[in-house]
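Pasting a predicted model and its sequence here:
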Amino acid sequence: MDKLQAMRVFTRVVETNSFSRAAESMDLPKGSVTRLIKELEAYLDTRLLNRNTRSLSLTSGGAAYYEQCARILAEIDEAEAPFTEAPRAPKGKLRVDMPSSVGRLIVVPALDEFRAKYPDVDLTLGFGDRLVDLVHEGIDCTLRIGNLGDSTLVARRVGLFHLLTAASPGYIREFGVPKSPHLLEGHRAVNYFSSRTGRMINMNFQMAGEAITVKVPSTLAANDGDAHLLCGLKGFGLIQIPRILAQPHLDNGELVEVLSDWNPAPLPISAVFPQSRHLSPQVRAFVTWVSETFERCTSLRPESSHQANQRDAGLQFLRGPLYGGIIHGI
């Protein structure tokens with residue numbers, strides 16, 4: 001038995017939650033994957049996986065072994081990288097998930113550049129604001145908006161979403177232009193709520209070092225960026241949205257920016273991926289490309305040069321319980 005290969009197969013089975021998907025992603029016969037797992041369990045004299053026709057789960061020993069395998073394989077890849085990355089052009093399957101607005105406005109319009117640069121990458125894109133479990137859904141990388149919680153995943157900052165407060169002309173005719181975030185009692189908001197916790201995200205404002213959070217009266221909320229925007233366009237209330245999402249509607253008069261002296265705090269955009277895949281050529285190529293793409297997008301800039309240097313200094317490991325909450329934004 002090739003122990004290193006068996007460890008790679010085991011970690012991929014765990015991450016895809018499937019013998020079949022692991023075999024497909026590694027271009028191996030399913031029978032070979034099954035055989036290697038059995039040989040690994042026999043070698044270790046312990047069961048690593050509980051499996052039946054409907055489900056697959058880690059034993060307690062399997063969970064501990066997976067964590068060690070992921071660390072060891074990452075260290076091996078890192079040690080080999082200076083000698084192997086130059087001749088290894090990114091090639092093979094890459095599955096990426098991202099919010100719909102990020103994909104529609106930023107990633108897809110620039111995708112011809114990625115395809116021309118990396119023609120051998122078989123890219124699968126998923127769009128939506130739902131939280132995904134990268135490990136169990138077999139996703140190589142996801143883009144997340146917002147501050148990240150602790151996890152065993154790896155994150156790299158790739159940009160910032162600058163936000164603004166806006167309303168439709170119809171809303172302004174009915175309620176007037178808000179003069180100050182301290183005077184919003186007579187106004188209405190379309191709230192955004194967290195897909196993870198269900199918690200309503202109150203409006204926030206900052207100016208000259210002062211930051212405040214305001215609970216604006218609301219009878220409507222959404223947890224999808226496009227739906228949230230549409231509710232604002234319909235005049236249902238004030239909304240706080242990324243400038244890149246609002247700009248076309250500001251230009252054609254469907255939205256009006258308000259409280260421009262009190263812009264909300266910007267939201268970081270991060271590329272997030274499992275530890276065991278953070279050095280794969282496909283993931284590295286995509287993260288570098290998307291970071292450069294965001295850098296060219298004026299409404300996602302700027303970071304100071306100091307922040308940019310910090311961002312590019314390396315990959316940040318965010319550690320926590322092995323299965324205790326996949327990294328996410330709001």
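Ah, there it is.

got the domain boundaries for this structure?
According to automatic domain parsing, the chain comprises the domains 3-84, 92-161+267-317, 163-258.

now Ile172: how far from Arg199?
Ile172 sits at a distance of 29 Å from Arg199 (criterion: Cβ to Cβ, to the nearest Å). For glycine as for every other residue, the C-beta is placed from the backbone atoms N, C-alpha and C.

Those two - which one has more neighbours?
The residue with more neighbours, out of Ile172 and Arg199, is Ile172; 17 against 9, by other Cβ atoms under 10 Å.

which ones are touching the more buried one?
Residues counted as contacts of Ile172 (Cβ atoms under 8 Å, 6 or more residues apart in numbering) are 256, 258.

pretty sure it belongs to a helix, no?
Yes: assigned with DSSP: H, G, I helix; E, B strand; the rest coil, Ile172 falls within a helix.

Where do the strands of the stretch 1-150 of the chain begin and end?
Assigned strands in the stretch 1-150 of the chain, in chain order: 49-51, 56-58, 92-98, 121-127, 141-145 (criterion: DSSP state E, counting those that start in this stretch).

Equivalent analysis for the stretch 201-330 of the chain, please.
For the stretch 201-330 of the chain, the strands defined by DSSP E, counting those that start in this stretch cover 203-207, 210-214, 220-222, 239-242, 256-258, 267-273, 316-317.

what packs against the second one?
Secondary-structure packing of strand 210-214 (3 or more Cβ pairs under 8 Å, 6 or more residues apart in numbering; DSSP states H and E): strand 203-207.

Would you check how far apart Val132 and Asp140 are?
Counting by Cβ to Cβ, the gap between Val132 and Asp140 amounts to 11 Å.

Between the two, which has more neighbouring residues?
A count of neighbours by other Cβ under 10 Å puts Asp140 above the other of Val132 and Asp140, at 22 against 17.

pLDDT wise, what is Ile327 at?
You'll see Ile327 listed with a pLDDT of 30.

repeat for Leu279
At Leu279, the pLDDT value in this model is 61.

now do Val14
86.

all helices of the protein, in order?
In the chain, the helices defined using DSSP state H lie at 3-16, 19-25, 30-44, 60-84, 100-102, 111-117, 134-137, 169-175, 225-233, 243-251, 281-296, 305-312.

I'd like these written out as CSV, with distance to Gly186 added.
Listed next are the helices of the chain as CSV, based on distance: least, Cβ to Cβ, whole Å:
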stretch, distance to Gly186
helix 3-16, 52
helix 19-25, 54
helix 30-44, 63
helix 60-84, 54
helix 100-102, 30
helix 111-117, 45
helix 134-137, 44
helix 169-175, 7
helix 225-233, 18
helix 243-251, 23
helix 281-296, 38
helix 305-312, 38
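
now for those helices, which one comes closest to Gln206?
Among these, the nearest to Gln206 by Cβ to Cβ is helix 243-251 (15.1 Å).

Neighbours of Arg95, how many?
Other residues near Arg95 come to 19 when the count uses other Cβ under 10 Å.

My guess is it contacts Asp122. True?
No: Arg95 is beyond contact range of Asp122, at 9.2 Å (criterion: Cβ atoms under 8 Å).

List the contacts of the closest residue to Ser280 other than its chain neighbours.
Sequence neighbours aside, Asp140 is the residue nearest to Ser280 in space, at 7.2 Å (criterion: Cβ to Cβ, 6 or more residues apart in numbering). Residues counted as contacts of Asp140 (Cβ under 8 Å, 6+ apart) are 93-96, 134, 273-274, 277, 280, 282-283.
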